[in-house]
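> Here you go, sequence then predicted model.
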There are 2 protein chains.
Amino acid sequence: CWPCPSLCPPCRELSREPHLASSPRDEDLVQLLLQRWKDPESGLDSAEAFTYEVLLSFPSQEQPNVVDIVGPTGDIIHSCHRTEENVTGEQGGPDVVQPYAAYAPSGTPQGLLVYANRGTEEDFKELQTQGINLEGTIALTRYGGVGRGAKAVNAAKHGVAGVLVYTDPADINDGLRLPNETFPNSWYLPPSGVERGSYYKYFGDPLTPYLPAIPSSFRLDLANVSGFPPIPTQPIGFQDARDLLCNLNGTLAPATWQGALGCPYSLGPGFRPDGNFSADSQVNVSVYNRLELRNSSNVLGIIRGAVEPDRYVLYGNHRDSWVHGAVDPSSGTAVLLELSRVLGTLLKKGTWRPRRSIVFASWGAEEFGLIGSTEFTEEFFNKLQERTVAYINVDIAVFANATLRVQGTPPVQSVVFSATKEIRSPGPGDLSIYDNWIQYFNRSSPVYGLVPSLGSLGAGSDYAPFIHFLGISSMDIAYTYDRSKTSARIYPTYHTAFDTFDYVDKFLDPGFSSHQAVARTAGSIILRLSDSFFLPLKVSDYSETLRSFLQAAQEDLGALLEQHSISLGPLVTAVEKFEAEAAALGQRISALQKGSPDPLQVRMLNDQLMLLERTFLNPRAFPEERYYSHVLWATRTGSVATFPGLSNACSRARDTASGSEAWAEVQRQLSIVVTALEGAAATLRPVADL
Amino acid sequence: CWPCPSLCPPCRELSREPHLASSPRDEDLVQLLLQRWKDPESGLDSAEAFTYEVLLSFPSQEQPNVVDIVGPTGDIIHSCHRTEENVTGEQGGPDVVQPYAAYAPSGTPQGLLVYANRGTEEDFKELQTQGINLEGTIALTRYGGVGRGAKAVNAAKHGVAGVLVYTDPADINDGLRLPNETFPNSWYLPPSGVERGSYYKYFGDPLTPYLPAIPSSFRLDLANVSGFPPIPTQPIGFQDARDLLCNLNGTLAPATWQGALGCPYSLGPGFRPDGNFSADSQVNVSVYNRLELRNSSNVLGIIRGAVEPDRYVLYGNHRDSWVHGAVDPSSGTAVLLELSRVLGTLLKKGTWRPRRSIVFASWGAEEFGLIGSTEFTEEFFNKLQERTVAYINVDIAVFANATLRVQGTPPVQSVVFSATKEIRSPGPGDLSIYDNWIQYFNRSSPVYGLVPSLGSLGAGSDYAPFIHFLGISSMDIAYTYDRSKTSARIYPTYHTAFDTFDYVDKFLDPGFSSHQAVARTAGSIILRLSDSFFLPLKVSDYSETLRSFLQAAQEDLGALLEQHSISLGPLVTAVEKFEAEAAALGQRISALQKGSPDPLQVRMLNDQLMLLERTFLNPRAFPEERYYSHVLWATRTGSVATFPGLSNACSRARDTASGSEAWAEVQRQLSIVVTALEGAAATLRPVADL
């Protein structure tokens, strides 16, 4: 059993005050981390803060962002709330940042209101189809469907002048919207709650793509920065959204556009004559966000490996929150502090030191776009790429207390399974975390039968630069919902001023037992990765992924490709070669494990395991996708669940003639994947084979 | 003493027949190599041919390229030679490819002749300044000054319709041009000799940039291929050039444009009335080159390392020639065969096996643009990048027999010095190769005093993809001229049908003692790199390079940069940091060498040494320069001998205003170098330092 006392005290301390990136409290927490990690009784071998000068975005304190309804004479006849309601006494301080859309430009557009559902391309097309003139309108959209910034991008293409974003109770509160049904009476989002967030399209510091944001680095001219929303955008609570949406004029919105505000949603434009506002009233969105260069720090701490100090097991989470952030990120930071304390205590007693180095990281400015972790990977690209065994991310440790949820690349599956089979689940019954997990997320594996299913890694947290930019096997670990009990798209107070310690303590994880489960799981994984003689990365588990990508390509694209004289034959061969080489490597390892191999032999095999993920990187595969170089996990926009480059290229080529540039790109993407898989198979072969 | 018998037999066998890339004789040599490397008495552990399907360019056999002088009535009044004179009986066979400019497009331009010196941008500007209308002309140029293909690129910009290229006796023959002064009476180029060559701008297979040219790979549409000469181009001998040039009309060419054809060179256009051709005669250049997809093979052979088989010492040369290629490449291939035979014999006796693996490579289609080696690096990018200790290239082993000449990156300097100090020079006196070498090429090192000077690596042979694309420490080794005795730009029969065994035997290296010197040197370097416990790569020798680049930047760009508010301070800091970390690493190695370090400790240090060169790669630094990713050795076009990205960007920005895109690029390039140097320093630090 893992010696893990309650994670309650660190979570309470970390979430005591709002600690927005680069705020004084964020800086205090840098000091707190340094102090803990330098503690002579329970600290690490060394710890250091690394500071970057990065471009952040804040609302003006002097001139708050406002959303008003303006009557025909120019009078303000209604104003949305500027702040969330001070329900628990924690929503009102000066350090609670006003809800805003980070990186949305300032501006004061005013126009007739339309309702645009989730603000997808299809949604705006639908409005156009309905004959609604979007030019100069304000579009009210709800969270979900596409990324935050994409709503404004799509809107602007249709001439929309400003965008509002709210969270519908149907999407977050299982339909509940009344004060007595929401926090502090339940875990649901109060009517005034507003999700903040970064509306920047890419990740990393916006001014220094591919360069670390150290003070001397070249910075883009603001005019040359891409990825910010093109028009003013402001998030609001559903209480305000209700005032707007329930008074809209125009056609009734499609059934799938309806929500739980307690009224039928119409499309607009403008308000209906029989509603609360006169029919020719307009909505004014006044955004006064400011871009500021700020110092933001990562804190790094290391336990030096006893035998292979140049192999790093990297574990991290961000430190910055939007407000108090008891869940996001302090649930994860509490786990980070607890793990480092436990291992640090063992270390300082002098009784233990792992085989490989363990590096703990507290990232800065994640909420603005994974900035701290990205700058770190830019600064130490080669060193990290050459030496990092795996990256473990625990951001929000506990979304809810039903089950483990893991996202990761195939090589980490087996170590996660091994760890979770040996730790008791916090829930009812005497189940292991594994046995509990498999009840919630599972799949039928052709190799293993029914197993828990790992999700794939997008760009939702600091693992993104590690997997996509550096090609390091990565995972993200959390405890989460019983999906049969709630359809909330995320825990309801996400990025609001209601994400507080009491919220966690009362609703999310009373007793902090799910926090403990995550800490024990992550701790066990860290120990296995850092202390095993043979690295517990099972590269042959990639074969299932490749097979399923291949199958999807064959089934859903095969006929189309054949029409254009493109053969999947070389891809089939490459997948088969990978499978054979991965299996053979597994057998060589098993054989060696039975004997007493010398450390150099094992190191060579471990290098093959560690570096396999690197072979899937191709920095020239997707030149337009910043940082995305992993040919298996890059963003897939095409509908077929296959290799992303192939899927995306096919979806663009589908309606063009054979011989088009788009079909040439399909062939190029196919060759890129074949080359990557053949290269991967080559690295798995016995090292002295030609 | 290295057991190296005469290299004469292999050189004779290899150069017995012309072996143009993909020709039957080239295929025969593939079999010969395989047979040697699989020989049970003297072969390697294994050997294999890897075949690619690549785009080559050949003259038509049915319709030979011709250069004619056409009189005013359309009659051909003079024709240039289509083949070289059959002086030794070896210039006449059907396998002697007609002189041509590989990859020059077919076409039959005809126009007035002009003389354009070396065909540089400045040369054509000078003609323009002289008031010569270049539109529709044929430009006669001489080799040198710029790359082969650049002459046609520059010409086409001015409306020139066709280009002729010849080698001036002033540039290759120390001014001599008469048959009795040239081969077979001396080493000088006969009047009919023509330098063939690739006129392609980039390297690698033109249809598959960044992808291996396996049959299934995506291939560019010919219309999308860039880098071929834009207009028909044909090389001719100086005997033909004399007929043309000595009859030109127009102004006398500038003094630096004059050569050794025995007449004053005029600029044209057209012929002078009192010459051999009527004044209104034109020159017709008829080129019938054809692009063909051909199979070309690399042959790879390996000696498996006993202890660290996953560390490769890679040694290679190309196999294909233009004609017999006794010098280029057979002098190098003979060394390759001899080295592999000697090591193979030791191996098969069972008395020796190196610590690390040794990989021998015989590259295909180098003459067309380093194609075999480039495709190899594209196919096995990751495996090679992760595991290759160094790449050693011996292409033309012997240009002449005066002195060693080495090009390489700084980390290889010390191993070359160690090797050459212990081998006797073949020349007069009892000197080591090192002591002989230092008399011909030397420099004053702030660290070591007077030492032989290594040249830097361009893209002249197969080392190019290894250093520029993969970031592997590389070197190129040869014996060469006494520059006080000849000013020939290269050995005179280079790329002609006169590069034969007798030429080598009689003039270049009678007795093959310089071949032996190169073989002994390369062999000693291979053994040191593959068998030393600590890798003999001295990374601190990069400090001198960085210091000199920094100094050039400060002295020659400092004031300019300051005017534009750009500080070199961060670069100074980065260089200092590199110096300090490299020196400290050197001390740690020295300390360890005194004790008895365990193999894993040494492996970790060796990884730092091996991977240092990789830290200078940035695939996003020069997006327009295909394959060039090494921020220290990329092509420098700017005049200041500093970091190439900085030098080039400054030379483009120089005449633009502060705040221009060009000055932003200077800052970006400066940040790229600073990031690379800081990253390099970080990889040299103790591995458990943060």
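That came through fine.
> Settle this for me: residue A:316 is touching residue A:362, isn't it.
Yes: when contacts are counted by C-beta atoms under 8 Å, residue A:316 is listed as touching residue A:362 (7.1 Å). Bear in mind the C-beta positions are built from the backbone N, C-alpha and C, glycine included.
> Pull up the overlap in contacts between the two.
Residues within reach of residue A:316 and of residue A:362 at once, by C-beta atoms under 8 Å, 6 or more residues apart in numbering or on different chains, are residue A:336.
> Got the confidence number for the residue nearest the centre of chain A?
Geometric centre of chain A, nearest residue: residue A:460, 0.9 Å, by C-alpha atoms, centre = their mean. Note for residue A:460: predicted pLDDT of 95.
> Low-confidence ranges, chain A, go.
A:1-6 (pLDDT under 70).
> can you pull the contacts of the nearest residue to residue A:203 once chain neighbours are set aside?
Of all residues not flanking residue A:203 in the chain, residue A:370 sits nearest, at 4.1 Å (C-beta to C-beta, 6 or more residues apart in numbering or on different chains). The contact partners of residue A:370, by C-beta under 8 Å, 6+ apart, come to A:203, A:204, A:318, A:363, A:459, A:461, A:462, A:464, A:465.
> I'd guessed the fifth one sits against residue A:469; true?
No: under the contact definition of C-beta under 8 Å, residue A:459 does not touch residue A:469, with a separation of 10.4 Å.
> secondary structure element for residue A:295?
strand A:290-303 (DSSP states H and E).
> that older thread, could you check how far the residue nearest to the centre of chain A is from residue A:637?
To residue A:637, residue A:460 is 17 Å away according to C-beta to C-beta, to the nearest Å.
> What is the neighbour count of residue A:474?
If you count neighbours by other C-beta atoms under 10 Å in any protein chain shown, residue A:474 ends up with 28.
> thought it was touching residue A:465?
No: the criterion here is C-beta under 8 Å, and residue A:474 misses it with residue A:465 at 9.6 Å.
> which parts of the stretch 551-690 of chain A sit against chain B?
Within reach of chain B by C-beta under 8 Å from any C-beta of the partner chain, the stretch 551-690 of chain A has these residues: A:567, A:569-570, A:598-600, A:603-604, A:607-608, A:611, A:614-615, A:617, A:619-620, A:623, A:664, A:667-668, A:670-672, A:674-675, A:678-680, A:682-683, A:686-690.
> Mark which of the residues you listed are buried, thanks.
A:570, A:599-600, A:603-604, A:607-608, A:611, A:614-615, A:617, A:619, A:664, A:667-668, A:670-672, A:674-675, A:678-680, A:682-683, A:687-688, A:690 (16 or more other C-beta atoms under 10 Å in any protein chain shown).
> Show me where the stretch 301-450 of chain A has its helices.
Ranges of helices in the stretch 301-450 of chain A, per DSSP state H, counting those that start in this stretch, are A:330-349, A:371-379, A:381-387, A:413-421, A:433-440.
> Adding mean neighbour count and distance to residue B:297, write those out as CSV.
Converted to CSV, the helices of the stretch 301-450 of chain A look like this (neighbours: other C-beta atoms under 10 Å in any protein chain shown; distance: least, C-beta to C-beta, whole Å):
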stretch, mean neighbour count, distance to residue B:297
helix A:330-349, 24, 54
helix A:371-379, 27, 40
helix A:381-387, 23, 32
helix A:413-421, 21, 40
helix A:433-440, 20, 51
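> looking at those, which is closest to chain B?
Taking C-beta to the nearest C-beta, helix A:381-387 is the member of the helices of the stretch 301-450 of chain A nearest to chain B, at 4.3 Å.
> check whether that closest one contacts chain B.
Yes: using C-beta under 8 Å from any C-beta, a contact is recorded between helix A:381-387 and chain B, made by A:381, A:382, A:383, A:386, A:387.
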